[in-house]
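Asker: Provide a 3D model corresponding to the input given below.
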Amino acid sequence: MTTHTIAERALANIISQHYDLGEVWIPKTLQRVHQRRHQKFVIETDKGFFLVKTYRNDPEVLDSLRFQHRLSAHLDKHGLPVARIQPSFTGAKIVEMADWAFELQEFIEGNAMRVTGRNLMNCATALGSFHKICRDFPCPDRDARMWRFSEVPREIFSKLYDRARSQGDPKIIDDHCNNIALFLRESTNELDWDARNQFETGLIHGDWHSGNLIFQKERLMAIIDLEFAGDGCYLEDLAYALSNLCVRTCTEEDKLEQRVDILLDHYQRYRSLSPSEEKALYYAVGIKHVVTVCYQCIQQEGLVAGYTASQWMGILDTQTQWLTLRAHAIKKGW
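Answerer: Predicted coordinates for the structure are as follows:
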């Protein structure tokens, strides 16, 4: 027999009071997602299933949420799939209580993006379209050129290296580390302040990875989690997409080349890369990728995507060498 907390029953009553949804059942905590910034529930009603997201009733938090709602509506208007926001009886999209607030989103059935050729095409088309239709969309201020992927913090890379050395042959790990370090040094030089000043900026998603792209088979059903959207370098979104969707754990040269070419070809049907972006792209991908692996190794106590830290040093060595070759080919005009 299922038991419900007082808080869950109270939330169901509050939703009934503020929304025209007919009968409302007790919400269930969404188990497969992070609950760091706010709690998420799924609730069944006579009018379908909805995702309930709760927030602190804080002016800065709610201003950010209102921007996300405006952006979601803009994407929906231009044909990009989103989880639509359900208005309350009063038409409000945020219901504010004493010290907390919540929203109801359309619950989208589906799964995180699985990497296939067709899915990469759909994902790249969506990202290119996102950048094109949001080019002049008003967005929150931030220093767009202080992007997150210009260098790998020494401290977090050292933690990956130390853990890897404790697991594997120190001589082999040192060789991998030296090769990766050469790539990181070259990348830092290529992504210096002067280079970043040449990159085109505008509204970006800020968190473009497979978990934020909901698919049913090979159909993109929704682009979710807009909370990191704002002014930024387009290259930041593109680097994140290539790192997460094309590189990730892959070390096969043919497969890396095929995936990257599919994503770039379909993205550039909507927005072409500038010469400065083309020159910097593979360095940005490598920086983002190494940063992600390092952070996840710390968070997940050493095992990332099924690989240990010592295995990751070998994987990153192979991947960064491939990225170096691609970057050098562009410089030489190949």
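Asker: Let me see the contact set for the closest residue to residue 318 other than its chain neighbours.
Answerer: Nearest residue to residue 318 in three dimensions, chain neighbours excluded: residue 251, at 4.5 Å (C-beta to C-beta, 6 or more residues apart in numbering). Every residue, glycine included, has its C-beta placed from N, CA and C. Taking C-beta atoms under 8 Å, 6 or more residues apart in numbering, we find residue 251 in contact with 315, 318-319.
Asker: quick one: low-confidence ranges for the stretch 1-150 of the chain?
Answerer: 1-4, 31-37, 143-149 (pLDDT under 70).
Asker: can you pull out the helices in it?
Answerer: Listed in chain order, the helices of the stretch 1-150 of the chain (DSSP state H, counting those that start in this stretch) span 6-18, 59-77, 117-133.
Asker: follow-up on the earlier one: quick check: phi and psi at the residue nearest to residue 318.
Answerer: phi -130, psi 0 (degrees, to the nearest 10).
Asker: contacting residues for residue 128?
Answerer: Contacts of residue 128 (C-beta under 8 Å, 6+ apart): 266-271.
Asker: Residue 43 pairs with what?
Answerer: Beta-bridge pairing for residue 43 (DSSP bridges): residue 50.
Asker: now residue 11, nearest residue through space, not along the chain?
Answerer: Per C-beta to C-beta, 6+ apart, closest to residue 11 is residue 27, 5.5 Å.
Asker: ditto for residue 220
Answerer: residue 122 (4.8 Å).
Asker: other SSEs contacting the strand or helix carrying residue 288?
Answerer: Assigned by DSSP states H and E, residue 288 falls within helix 275-299. The helices and strands touching helix 275-299, judged by 3 or more C-beta pairs under 8 Å, 6 or more residues apart in numbering; DSSP states H and E, are helix 154-167, helix 170-190, helix 193-196, helix 234-241, helix 309-331.
Asker: Columns distance to residue 84 on top of the helices of the stretch 1-150 of the chain, output as TSV?
Answerer: Output for the helices of the stretch 1-150 of the chain, formatted as TSV (distance: least, C-beta to C-beta, whole Å):
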stretch	distance to residue 84
helix 6-18	16
helix 59-77	6
helix 117-133	17
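Asker: Buried deepest among the ones you listed, which one?
Answerer: Mean neighbour count, computed with mean count of other C-beta atoms under 10 Å, is highest for helix 117-133 among the helices of the stretch 1-150 of the chain, reaching a mean of 20.
Asker: the inter-axis angle of it versus helix 234-241?
Answerer: 160 degrees (axes from the mean of the first three to the mean of the last three C-alpha atoms, to 10 degrees).
Asker: Report the buried residues of stretch 274-292.
Answerer: Buried residues in stretch 274-292, counted by 16 or more other C-beta atoms under 10 Å: 276-277, 279-292.
Asker: cool, and stretch 100-119?
Answerer: Neighbour counts over stretch 100-119 (16+ other C-beta under 10 Å) mark 101-105, 107-108, 113, 119 as buried.
Asker: Just name the closest of those to residue 240, please.
Answerer: The nearest member of those to residue 240, counting by C-beta to C-beta, is residue 113 at 13.0 Å.
Asker: Please tell me how far that closest one sits from residue 84.
Answerer: Distance of residue 113 to residue 84, computed by C-beta to C-beta, to the nearest Å: 20 Å.
Asker: Please compute how far stretch 241-260 lies from its chain's middle.
Answerer: Taking C-alpha atoms, centre = their mean, to the nearest Å, one finds stretch 241-260 lying 16 Å from the centre of the chain it belongs to.
Asker: Next: stretch 96-109.
Answerer: On C-alpha atoms, centre = their mean, the centre of stretch 96-109 falls 21 Å from that of its chain.
Asker: start to end distance for that stretch?
Answerer: End-to-end span of stretch 96-109 (C-alpha to C-alpha, to the nearest Å): 27 Å.
Asker: which residues touch that stretch?
Answerer: By C-beta under 8 Å, 6+ apart, the list of residues contacting stretch 96-109 reads 11, 14-15, 19, 42-43, 48-57, 61-62, 65, 69, 83-86, 93-95, 214, 216, 221-222, 224.
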